[in-house]
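In: Need a 3D model of the sequence below.
(one chain, ligands or ions: 1)
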Amino acid sequence: MKKALLTLSIVLSIILTQGLTALSYSKETYKFEVKPLPYSYDALEPYISKETMTLHHDKHYANYVKNLNAALDKYPDLQNLTLYELLSNLDSLPQDVRNIVRNNGGGVYNHELFFNIMSNKNNPVPTGKLKEGIESTFDSYENFKSEFKKSALDVFGSGWTWLVLDKNNNLCIVNTPNQDNPICCGLKPIIGIDLWEHAYYLDYKNDRSKYIDNWFNVLDWNQALKNYKN
Ligand SMILES: [Fe+2]
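Out: The predicted structure follows:
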């Protein structure tokens, strides 16, 4: 019995740790599924509360998945496309479904990346090639953080701030409104911070600045490095 429980525990652990990885190359197509967090709901405390993570994952993210599937229900031709393929070819989608996929497909992609690049594993600074790239582009990691935060504070209303690779594989910081994703513009996201109020209001009220500062404490640069290499 103990052996069976141990095996089950290992299997669950593998599912939890692999549930949100390798997003860009995910082969998943319709119907999209709500993937579990790769950590417990309270893992990011005290910086992001269990209550925020529960609402964020179980309600907001789950609704984007549900709405995306509902939009694709009546489009069999689109049901064999991955999320990446849908979002990077928005202009080719039927007009009556384009904005629904843009908002909800973007919501799914953004949140899966966001949940995946956070952890309590204490990987608080960039390493390897990503460290070199950040230092050569922004002079230092501290300067990068300062520019990233400044950009995030400039987002008016709801949106995201990203570290991306552009078409020439140069690192740069970009903002997107609503649930738009950089892949719509041919950019490759490495990290992104959710600046919708649902991401921080329960914990920080209107203090977006403090949320951004504390978010860096749960940003997992090892996972960011994987995105960079991909
Ligand atoms: Fe969100």
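
In: and the residue of the chain found nearest the ion, bridged to which residues?
Out: Using C-beta to the ion, the single residue of the chain nearest to the ion is Asp194, 4.2 Å away. Placement of C-beta: from N, CA and C, glycine included. Beta bridges link Asp194 to Trp160, judged by DSSP bridges.

In: Number the chain from 102, please
Out: New numbering, starting at 102: the last item is Asp295.

In: Tell me who's in contact with it.
Out: His157, Asn211, His212, Phe215, Trp261 (C-beta atoms under 8 Å, 6 or more residues apart in numbering).

In: how about the helices in this protein?
Out: For the chain, the helices defined by DSSP state H cover 103-119, 151-156, 163-173, 184-188, 196-201, 207-217, 229-239, 242-255, 302-305, 309-316, 322-330.

In: re earlier: and the residue of the chain closest to the ion, what's its pLDDT?
Out: Note for Asp295: predicted pLDDT of 98.

In: Okay, it and Thr277: tell me how far apart.
Out: Going from Asp295 to Thr277 by C-beta to C-beta, to the nearest Å gives 11 Å.

In: Name the residues contacting each of the two.
Out: Both Asp295 and Thr277 are in contact with Trp261, where contact means C-beta under 8 Å, 6+ apart.

In: still on that earlier bit, just name the most buried of the helices of the chain.
Out: Burial of the helices of the chain is given as mean neighbour count (mean count of other C-beta atoms under 10 Å); helix 207-217 ranks first at a mean of 24.

In: what's in contact with that one?
Out: With contacts defined as C-beta under 8 Å, 6+ apart, helix 207-217 is touched by 121-122, 124, 133, 136, 138-139, 157-158, 161-162, 164-166, 168-169, 184-185, 188, 261, 279-282, 284-285, 290, 293-295, 324, 328.

In: pLDDT on that helix, on average?
Out: 98.

In: How about that helix and the ion, touching?
Out: No - on the criterion C-beta under 5 Å from the ion, helix 207-217 is out of touch with the ion, staying 5.6 Å away.

In: Perfect, that will be all.
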